[in-house]
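K.L.:
Structure of the sequence below:
(one chain, ligands or ions: 1)
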Amino acid sequence: MQKTRGEMFPRISRRKTREIWVGKVAIGGDNPIRVQSMTNTDTRDVKATLTQIERLKEAGCEIVRVALPDERAVWALREIVRESPVPIIGDLHFDISLGEKAISAGVAGLRINPGTIKNKKRLDSLFKAAKESGLCLRIGINAGSLESDLLRKYGRPGPFAMVESALRWVNYVVEKFDYYNLKVSLKSSNWWETVKAYEEFSKKSDFPLHIGVTEAGGLIGGTIKNTLAVGYLLLKGIGDTIRISLTADPVEEVYVAYEILRNLGLRSLYPDIIACPTCGRCEIDLMKLYREVERWARGVKANIKLAVMGCVVNGPGEAREADLGIAGGKGVGIIFREGRILKKVKEELLLPTFFQEVEKFLKEHPERLNP
Ligand code: SF4
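P.N.:
Numbering: from 1, shown residues only. Just a heads-up that it's a prediction; the model follows:
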């Protein structure tokens, strides 16, 4: 990832995993850490689901998972797969026949949680069909639905029970079906247990890992849990694709994912915005200013650092490392570039002038634009 002014990142040595494919998106190996999410629309509503997939794609999401609750959802899947701009993964629980139909509908991947499937014998036919279609299978272990023999053995659904469950299913699929287009997740709603499970599994297998904390909570709580777990694992080089599970608009999951990746120096998509918390010196509506800059910046895919500061006393100085910034004054705003004051403009013209200056900067530095 290209650095912006004054940036320093931790040195991360990524764990070597085998390369797998979800449609045309390669995961693992030397590929970038992929960002994925899941729709929360009714899959049976094709229009609403495709609209959300488009929004996710626009935000930078590379793979989208959809729920398969019943026959009508699988029926709708055919059109969703055909029209989607990104590979679609079907999320399967309980009913094998829905998985078989999803394969016929052309999904690029299937997520199965073996713990929720009662008829284990029928799983063989699903694995066989999945292998033949070339799709990517995610063995998605969840602490809340582990097999009863493992719960008896370990006493509780902890990390070691999750790892044994994952290895059991991975080995089974590899040995019986010679099937390698696999990735694995080991999720718990407790972030530290999640971390321990992934660390333990990564010592024993080189299949790519889909990382994240399940049922993490809302925008603040869920972001914190996910940042702790995903950040910790990525710092250790573990993780090939991430899903930040949030009780929020799924597009927020994508923004949070890129924020984590950028702060670790692993991947950048959007501008980095530094902003002061405001204090008694601030004479401008900085919160509004920040919200406007953030909203605008979500339409700018560039590796650039912007600053939104409350006053000129500390503004340019505190944001010395920013490419461009604004600092509020009384009825005016100062625009600065690379630590130097560029111009003073009336408050009502501050935002449009600032956006023009950022666009001008990006024209001069096209290498900062992210594809
Ligand atoms: S930049 Fe100005 S308004 Fe913002 S925290 Fe610093 S002194 Fe206060």
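K.L.:
Which parts of the stretch 101-250 of the chain are strands?
P.N.:
Taking DSSP state E, counting those that start in this stretch as the criterion, the stretch 101-250 of the chain contains strands spanning 109-112, 136-142, 182-187, 210-211, 241-242.
K.L.:
do you know which of those lies nearest Y172?
P.N.:
Among the strands of the stretch 101-250 of the chain, the nearest to Y172 by Cβ to Cβ is strand 136-142 (9.4 Å). Glycine gets a C-beta too; all of them are placed from N, C-alpha and C.
K.L.:
Between the two ends of stretch 24-32, what distance do you get?
P.N.:
14 Å (Cα to Cα, to the nearest Å).
K.L.:
Would you mind listing the buried residues in it?
P.N.:
Neighbour counts over stretch 24-32 (16 or more other Cβ atoms under 10 Å) mark 25-28, 31 as buried.
K.L.:
repeat for stretch 59-77
P.N.:
59-69, 73-74, 76-77.
K.L.:
Now mean neighbour count too, for the strands of the stretch 101-250 of the chain, in CSV please.
P.N.:
Output for these, formatted as CSV (neighbours: other Cβ atoms under 10 Å):
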stretch, mean neighbour count
strand 109-112, 24
strand 136-142, 25
strand 182-187, 25
strand 210-211, 26
strand 241-242, 26
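K.L.:
Could you export these as CSV, including distance to the ligand and mean pLDDT?
P.N.:
Converted to CSV, those look like this (distance: least, Cβ to the nearest ligand atom, whole Å; pLDDT from 0 to 100):
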stretch, distance to the ligand, mean pLDDT
strand 109-112, 45, 95
strand 136-142, 44, 94
strand 182-187, 39, 95
strand 210-211, 35, 96
strand 241-242, 33, 98
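K.L.:
got a list of what S84 touches?
P.N.:
50, 53, 64 (Cβ atoms under 8 Å, 6 or more residues apart in numbering).
K.L.:
near the ligand too, which of those?
P.N.:
Taking Cβ under 6 Å from any ligand atom as the test, the ligand is in contact with none of those.
K.L.:
related to what we said a few turns ago, any chance of the strands of the stretch 101-250 of the chain in a markdown table, plus distance to V173?
P.N.:
Output for the strands of the stretch 101-250 of the chain, formatted as a markdown table (distance: least, Cβ to Cβ, whole Å):
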| stretch | distance to V173 |
| --- | --- |
| strand 109-112 | 10 |
| strand 136-142 | 7 |
| strand 182-187 | 6 |
| strand 210-211 | 16 |
| strand 241-242 | 19 |
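K.L.:
just checking, next helix/strand downstream of the helix or strand bottoming out on mean pLDDT in the chain?
P.N.:
Using mean pLDDT, DSSP states H and E, the weakest-scoring helix or strand in the chain turns out to be helix 315-318, at a mean of 68. Using DSSP states H and E, the helix or strand that follows helix 315-318 towards the C-terminus is strand 324-328.
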